[in-house]
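1. This is a predicted model, with the sequence first.
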Amino acid sequence: MGEPLTVGVDFGTLSGRAVVVRVADGAELGSGVFEYPHGVLDETLPATGRALPPEWALQVPADYVGVLRNAVPAALRDAGVDAADVVGIATDFTACTMVPTTADGTPLCELPEFEGNPHAYVKLWKHHSAQPQAVRINELARTRGEKWLPRYGGLISSEWEFAKALEIFEEAPDVYAAMRHWVEAADWIVWQLTGSYVRNACTAGYKGILQDGQYPSRDFLRELAPGFESFVTDKLKHPLGQLGSRAGSLTAEAAAWTGLPEGIAVAVGNVDAHVTAPAAQAVEPGQMVAIMGTSTCHVMNGAELREVPGMCGVVEGGIVAGLWGYEAGQSGVGDIFGWFVEHFADASHEELTRLAAQQEIGEHGLIALDWHSGNRSVLVDHELSGVIVGQTLGTRAQDVYRALLEATAFGTRKIIETFNEAGVPVTELIIAGGLTKNALLMQIYADVTNLPLSVIGSAQGPALGSAIHAAVAAGAHADIRTAAAAMGSVERAVYRPVPAHVVAYDELYAEYTQLHDYFGRGGNDVMHRLAARKRAVAKGQS
Ligand SMILES: Nc1ncnc2c1ncn2[C@@H]1O[C@H](COP(=O)(O)OP(=O)(O)O)[C@@H](O)[C@H]1O
Ligand SMILES: O=C(CO)[C@@H](O)[C@@H](O)COP(=O)(O)O
């Protein structure tokens, strides 16, 4: 027998990544990646070729099993270890990413009668078409003075479990009737590994409006939409598992897929963002981790319960046991840079970054709003859209690219300021995720926030975080804090704010704030009117 090992698997937006990690010190011995064959379905449904409406984003659950079959064996091969030394596996997922299933967990899209119905597929976190449902949930909750609303910064997102389910209830009653469980993909994958369904406390709290042991009441749901009152009891409610505990044991079938020993510990499911905090050793109050990739999630522990306007949510034990876990986010970050590179630039991210780095602050004469995928925090509105002010005939691709990098940094500053003002002080900013590779972006974040940036030690933060949870679930470490100290890593103050840059960005941030409030807080509702018109045109065409 060699030293004990665990496997962490991170299910991202486009691919799943597995790492094999040594339990004693967190050394990453090998990794494997599997790109989802279907990627994100946002234009057409492959089964029928049918066009999808605007703001739709679906996935195919069989692609996730492909990760277990391919990325895990690849990681074991890469590590060159004996699979018999692996004592546990844990997974993390994007969220809120939802799978409608039958009683035994079969996704409805795998039934022949539903393969042509888009509502039967996985609704990915960035499926944003349930905004009208979210607006109704928020208006009614405000009117009724629902006690859970402040735990979500005063606004429930269209990305979450209730808005997405209400969309199915209203637009596809046959799918709704056939759905026995409305399952987070984070839990569905654990179900595939263990053969039994355990609902994780993290997504139930942040995305499923479970607070102090209660979901929204039958009365509330009836008033929201008659017939929807039994949604919680019939489709949602399920026994919970706490983060870092054992959900079950690896089945013979999943052992054959992965090459791992049957019967090893499988941890309760978790979210890609929250699982990253221990990988960055950010388990104390005030340490905010920004996981920057396609989107950015900001997660942080707090000693006390506070109401932060426009946060995604606060959940007791939502990140580590014994503290309040806070979450905020930006729905588009790398996605916005990627959109610009794909459609408007004749150069790569690296080339645009190299050219943008040669400019002085303000030289491009632009200010942008980072809302191309809507605003997750602090406005919580996915009908808001992008803006670039100041373009002239002299504006070049690298100018717009830099303005977009800066816009996302301003968005993060808005979130940090909102936390500080609400009495949840941010004392350290730690960056994780794929965008840490862009040094210009990192320096802009340090200058805009006026905070030294710490950077996580691992390029696979979420997968390492999962491996940490696997170690705790297997009993190899006593708890997440101890495991984080042994297996996580962070490098402090890698990027420091430059005082002259801080002053220049303070001025531009004031301009950003004016635009932010004008377009986002009722000064001009043009973005909503355009979104409504776009929906109406799409409806007329379908
Ligand atoms: N050099 C770069 N600078 C800025 N953004 C980049 C760069 N390279 C890729 N991106 C963006 O990063 C995002 C992918 O980030 P990554 O962390 O790998 O994925 P995920 O968030 O899905 O885990 C894409 O949206 C892409 O447009
Ligand atoms: O919203 C959450 C977590 O709450 C994320 O899963 C979601 O933004 C997707 O993250 P990625 O950008 O794919 O890393």
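-> Received, thanks. Everything numeric in this text was worked out from a predicted model, so none of it was measured. Ligands and ions are numbered 1, 2, ... in the order given.
2. Mind checking what secondary structure K126 has?
-> coil (DSSP: H, G, I helix; E, B strand; the rest coil).
3. what does the one 3 residues further on give?
-> Classification of S129 using three-state DSSP returns coil.
4. Okay, the residue lying closest to Q287 once chain neighbours are set aside and S377: tell me how far apart.
-> Leaving aside its sequence neighbours, Q287 sits nearest to E428 (Cβ to Cβ, 6 or more residues apart in numbering; 4.8 Å). C-beta: built from backbone N, CA, C; applies to glycine. Per Cβ to Cβ, to the nearest Å, E428 is found 19 Å from S377.
5. List the contacts of the residue of the stretch 351-500 of the chain found nearest ligand 1.
-> Closest to ligand 1 within the stretch 351-500 of the chain is G434: 2.3 Å, counting by Cβ to the nearest ligand atom. By Cβ atoms under 8 Å, 6 or more residues apart in numbering, the contact set of G434 is M292, G293, G334.
6. what about E428 and S377, which has more around it?
-> More neighbours surround S377 than the other of E428 and S377, with 27 against 18 (other Cβ atoms under 10 Å).
7. What parts of the stretch 101-250 of the chain come near ligand 1?
-> Proximity of the stretch 101-250 of the chain to ligand 1 (Cβ under 6 Å from any ligand atom) involves no residue at all.
8. can you give me the strands in the stretch 101-250 of the chain?
-> Remark: strands assigned in the stretch 101-250 of the chain by DSSP state E, counting those that start in this stretch are 122-123, 181-184, 199-200, 240-241, 246-249.
9. Can you say which of these is nearest to H516?
-> Of all these, strand 122-123 sits nearest to H516, with 28.2 Å by Cβ to Cβ.
10. List of residues touching that closest one?
-> A57, L58, Q59, V60, P61, T97, M98, V99, P107, C109, K164, A185.
11. any weak-confidence spans in this protein?
-> 542 (pLDDT under 70).
12. Can you pull the domain assignment for it?
-> Split into domains by automatic domain parsing, the chain comes to 5-271, 329-456+498-542.
13. among those domains, which is the most enclosed?
-> domain 5-271 (a mean of 21; mean count of other Cβ atoms under 10 Å).
14. Show me what from the chain comes close to ligand 2.
-> Checking the chain against ligand 2 by Cβ under 6 Å from any ligand atom, the hits are 12-13, 94-95, 125, 271-273, 291, 293-295, 297, 329.
15. Inside helices: which ones of these?
-> Per DSSP state H, helices hold the following members of these: D272, A273.
16. And the residues of the chain next to ligand 2, which is closest to G154?
-> Here the nearest of those to G154, counting by Cβ to Cβ, is G329; it sits at 15.6 Å.
17. which residues sit in contact with that closest one?
-> A273, S295, T296, C297, H298, C312, R376, S377, I415.
18. Output stretch 197-204 in PDB with nothing but the alpha carbons.
-> Extracted C-alpha coordinates of stretch 197-204, given in PDB (Å, rounded to 0.1, in the frame of the first residue of the first chain):
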ATOM      1  CA  TYR A 197     -29.800  10.600  -3.800                       C
ATOM      2  CA  VAL A 198     -28.500  13.000  -1.100                       C
ATOM      3  CA  ARG A 199     -29.200  16.700  -1.500                       C
ATOM      4  CA  ASN A 200     -26.300  18.900  -0.500                       C
ATOM      5  CA  ALA A 201     -26.800  21.600   2.100                       C
ATOM      6  CA  CYS A 202     -24.800  24.200   0.100                       C
ATOM      7  CA  THR A 203     -27.000  24.400  -3.000                       C
ATOM      8  CA  ALA A 204     -30.200  23.800  -1.000                       C
END
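19. Tell me which residues are up against that stretch.
-> 95-96, 105, 161, 181, 183-184, 186-187, 190-191, 208, 210, 238-243, 247-248, 268-271, 274, 315, 317-319, 325.
20. let's see it at 6 Å
-> Contacts with stretch 197-204, where a contact means Cβ atoms under 6 Å, 6 or more residues apart in numbering, come from 95, 184, 186-187, 191, 210, 238, 240-243, 247, 268-271, 274, 318.
21. ok, back up a step: out of the contacts of G434, who's nearest ligand 2?
-> Nearest to ligand 2 out of these is G293 (Cβ to the nearest ligand atom; 4.1 Å).
22. So that closest one sits against G334, correct?
-> Yes. Between G293 and G334 a contact is recorded at 5.3 Å, counting by Cβ atoms under 6 Å.
23. what are the phi and psi values for D92?
-> phi -130, psi 160 (degrees, to the nearest 10).
24. who's in contact with it?
-> D92 makes contact with D10, N270, D272, V275, P462, S466, according to Cβ under 6 Å, 6+ apart.
25. Roughly how far does the closest residue to the second one other than its chain neighbours sit from T276?
-> In this case it means N270. Leaving aside its sequence neighbours, N270 sits nearest to D92 (Cβ to Cβ, 6+ apart; 4.6 Å). Going from D92 to T276 by Cβ to Cβ gives 8 Å.
26. just D381 next, same as before
-> Applying Cβ to Cβ to D381 and T276 gives a distance of 26 Å.
27. any idea which helix or strand carries E417?
-> helix 397-421 (DSSP states H and E).
28. Could you list the residues of the stretch 251-400 of the chain in contact with ligand 1?
-> So the stretch 251-400 of the chain meets ligand 1 at G293, T294, G334, D335, F337, G338, H349, E350, T353 (Cβ under 6 Å from any ligand atom).
29. From those residues, which land in helices?
-> Taking DSSP H as the definition of helices, these contribute G334, D335, F337, G338, H349, E350, T353.
30. and which of those residues is nearest to L29?
-> Of these, the one sitting nearest to L29 (Cβ to Cβ) turns out to be G334, at 27.6 Å.
31. Quick check, the closest one in contact with M292.
-> No. The criterion here is Cβ under 6 Å, and G334 misses it with M292 at 7.1 Å.
32. Overlap in contacts, the two.
-> With Cβ under 6 Å, 6+ apart, G334 and M292 have common neighbours L435.
33. Could you measure from G154 over to ligand 1?
-> 27 Å (Cβ to the nearest ligand atom, to the nearest Å).
34. Repeat that for L14.
-> Distance of L14 to ligand 1, given as Cβ to the nearest ligand atom: 6 Å.
35. mind listing what that residue touches?
-> So L14 contacts G39 (Cβ under 6 Å, 6+ apart).
36. Check for me that Y445 belongs to a helix.
-> Yes. Applying three-state DSSP, one finds Y445 inside a helix.
37. pretty sure H128 contacts D381?
-> No. Between H128 and D381 no contact is recorded; they are 10.1 Å apart, counting by Cβ under 6 Å.
38. Show me what from the stretch 401-542 of the chain comes close to ligand 1.
-> Taking Cβ under 6 Å from any ligand atom as the criterion, the contact residues of the stretch 401-542 of the chain with ligand 1 come out as G433, G434, L435, K437, N438, L441.
39. if we can go back for a sec, following the chain past the helix holding E417, name the next helix or strand.
-> Helix 397-421 is succeeded, C-terminally, by strand 428-432 (DSSP H and E).
40. how many other residues sit next to Q460?
-> 23.
41. any idea how far the nearest residue to it once chain neighbours are set aside is from ligand 1?
-> Excluding its sequence neighbours, the residue lying closest to Q460 (Cβ to Cβ, 6+ apart) is V19, at 5.1 Å. As judged by Cβ to the nearest ligand atom, V19 and ligand 1 stand 14 Å apart.
42. Assumed V19 was part of a strand.
-> Yes. Assessed by three-state DSSP, V19 belongs to a strand.
43. Just list the residues touching it, thanks.
-> With Cβ under 6 Å, 6+ apart, V19 has these contacts: G8, E28, S31, A75, Q460, A463.
44. same deal with L250?
-> By Cβ under 6 Å, 6+ apart, the neighbours of L250 are L193, L260, E262, I264, V266.
45. If we use 8 Å, what do you get?
-> Shown in contact with L250 (Cβ under 8 Å, 6+ apart): I89, L193, T194, T258, L260, P261, E262, G263, I264, A265, V266.
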